[in-house]
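Q: Predicted model follows, preceded by the sequence.
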Amino acid sequence: MSTDIARVLSLRLLMGESPLGYEPGIWLRRESDWAAVAEQARSRQVSGVTTVSNGEMLGLLKRGLWRRFEVIPQIPNVTGIIRETYDHGPVGAGMRRLAMIGPVSAVKVGFTGLANVGGVLRKDFPSMLKVLLDLEFRAFQKFKPERLILSPQITDLAIAFENARILEIFVDYAKYVGVKPYAATNNPMHFADRLGRWGVPLDGVVAPINKGGYLCGDLSWTDSAAIRSVELIGETLGGGRAAEESDVEYASSRGARAVIMDADAVY
Amino acid sequence: MSSPTRVAVVGLGKMGIMHSAMVSMNPKAELVGICDRDTGLGRHVASMGVRAPFFTSVKELMESARPEGVIVSVPQFAHAEVGLEIFNGGAGILVEKPLAHTLEVARNMRDVARGRVTQTAAVAFMLSFHPIFRLLHEFLQEGAIGTLRSYEAVLRLSQVNKPRGGWIYTREQSGGGVLINSGSHLLYLLHRYFGMPQEVNAESRKIHSVDVEDEVKARLRYEHGFEGTIDVNWAVVGHPVQAHSITITGEQGTISASDRQLVVVTAAGRKLISEGDAVRVPFSLTPHYHGHGYYDEVADFVSCLRGEKLTPEVGFDEGYAVQRLLEALYRSSARRETVVLETIE
């Protein structure tokens, strides 16, 4: 382990959402496998895990498998919401999300929902986002997260439609619940430009960093003042290729203070 | 620098939002209008930050926004009606796949497009822009594995785990189930690589759906003894994202291509190419599902509208060819007999 850089493990593999495309039903289905991953991760100086809100993942976290790791939630789980809405309808999807949190949290979410009920009924995106953020963050509260990541799908929608308000809503929510706001993006070149113009007070940015340039281009954006003013966390996957130690070193050389790796990189 | 090309989007479901984002990020295009019959969807998309004016009718969109090109992401049973209004309004059209829900409607659309040679008519088979599948085509054209003998093409998706409602699962509106809605991507690629088969033999079954098929298995026979199989299924577990794979065997080796990797095995050894090695992405909303393909297909459409390119990557003629293949496979499955493609025009 040569590089002095924080390492965070992504738990998305189990949900079949890794760019490596493993079948979740085949790989690491048993809890003992995940215990082995946790052990390996510890030995490779991984200090945190990041995941979207997903019942299976939350179950693993709650059973203490990852007790000694910082938990960094990524919310909202856009892919999961689309899938659950498809499988169970909008009401069913909402109920499943509510089932992930305790009754006290559900009451708190209820207040947020009430404050935004008109907007939600009008399909107002900012109102829906506020309710979703609250609904999903409450599921992570028992892990006392210090950092909160906005999902790349939402950040990138804000980039496409030049909508700084989306990020402001997220930052306001993060401050309200007392965590540091980070935004993940798969389009860092564009995000560096927007961040410079929008002046949204984020604490960090999560973005792909790899030698091949997949999703991250030539990395000139890492030199922008806006990116250098926040903590940069690099995602080391290179589009179908597992991360190696040299990828971690490369991310570090580009200014990343931490890297997110998939489970296969440590197992 | 010349002025941006005026592009509109009709149909504001998730594909409409995706296309609106891609137009917004294209430096040569301007999103000048969005359109849907559902005013609630219009409000929803506007609240995401889309500032282009919203219309509830295509006629109004064409008259007020005066787009040079329109992206159509309404259900396939409405493609013809919407498409005709766009053609009559003088604009180019990029229509979501498949071209139509029936062969007859697809043929009419192709004929209309043939009569409007100055208007771009494109079909959004976005896998045609996928770097791995493009690379596969190049390897085949170079004869990397010698004379081709056979292929196996597979599609997997976890979409149907119980009977479902909605137009996608209603044959009259969608034209079928997994084959037309998901498998048409695979059929497009196979047609691009190998041309039209001489005959097909297919069988399908319902697993959860009531009105449409959830699985199709078929054998396609070509000239000179070349043949292939397809196996498409959207009722399996473990594939939250649609997954495609094509393995081709030739006299001198094998090529296997999936969404993420391409592997060539010949006497010279094994060559592995990952998606990350093959593509640089200008903008992507969904890297886990070919986000660059959505960007590239809009960019290709805009290039045609601007006269920078003569024909789109996938035109209505190719869209109609896929529709012929679909018809042959459905006919074979329904009649439980081999269907000769020459009989389907």
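A: Looks like it arrived, so ask away. Residues are numbered from 1 along each chain as shown, chains lettered A, B, ... in the order given.

Q: Grab the most central residue of chain A for me.
A: Nearest to the mean C-alpha position of chain A, by Cα atoms, centre = their mean, lies residue A:74 at 2.7 Å.

Q: what's the distance between the residue nearest to it when sequence neighbours are not counted and residue B:278?
A: Spatial nearest neighbour of residue A:74, excluding adjacent residues (Cβ to Cβ, 6 or more residues apart in numbering or on different chains): residue A:149 at 4.3 Å. C-beta here means a position set from N, CA and C on the backbone, and glycine is covered the same way. Using Cβ to Cβ, to the nearest Å, residue A:149 is found at 28 Å from residue B:278.

Q: If you count surrounding residues, which of the two has more?
A: Neighbours per residue (other Cβ atoms under 10 Å in any protein chain shown) separate residue A:149 from residue B:278, with residue A:149 holding more: 27 against 18.

Q: contacting residues around that one?
A: Listed by Cβ atoms under 8 Å, 6 or more residues apart in numbering or on different chains, the contact partners of residue A:149 are A:50, A:72-75, A:182-184, A:206.

Q: what helix or strand does it sit in?
A: Residue A:149 belongs to strand A:147-150 when assigned by DSSP states H and E.

Q: And for residue A:7?
A: Under DSSP H and E, the secondary-structure element containing residue A:7 is strand A:6-10.

Q: Show me the strands paired with that strand, marking each as parallel or antiparallel.
A: strand A:46-52 (parallel), strand A:258-262 (parallel) (DSSP bridges).

Q: Following element in sequence after the first one, please.
A: Sequence-wise, the next helix or strand beyond strand A:46-52 is helix A:55-62, with elements assigned using DSSP H and E.

Q: other SSEs contacting that next one?
A: Under the contact criterion of 3 or more Cβ pairs under 8 Å, 6 or more residues apart in numbering or on different chains; DSSP states H and E, helix A:55-62 touches strand A:46-52.

Q: circling back: so for the strand holding residue A:149, mean pLDDT?
A: Mean per-residue pLDDT for strand A:147-150: 96.

Q: Repeat that for stretch B:7-20.
A: Average pLDDT, stretch B:7-20: 95.

Q: For the nearest residue to residue B:283 once chain neighbours are set aside, which residues are in contact?
A: Excluding the flanking residues, the one nearest residue B:283 by Cβ to Cβ, 6+ apart is residue B:25, at 4.3 Å. When contacts are counted by Cβ under 8 Å, 6+ apart, residue B:25 touches A:159-160, A:190, B:282-283, B:295.

Q: What of residue B:123?
A: B:94-99, B:314-316, B:318-319, B:322.

Q: If you drop the residues flanking it in sequence, what lies closest to it?
A: Nearest non-adjacent residue to residue B:123, counting by Cβ to Cβ, 6+ apart: residue B:319, 3.7 Å away.

Q: Can you name the next helix or strand after the helix or strand encompassing the one you found?
A: Element membership for residue B:319 (DSSP H and E) is helix B:316-335. The C-terminal neighbour of helix B:316-335 among helices and strands, as given by DSSP H and E, is strand B:339-340.

Q: Around chain A, which positions in the stretch 1-150 of chain B sit nearby?
A: B:14, B:17, B:20-22, B:24-25, B:40-41, B:43-44, B:47-50 (Cβ under 8 Å from any Cβ of the partner chain).
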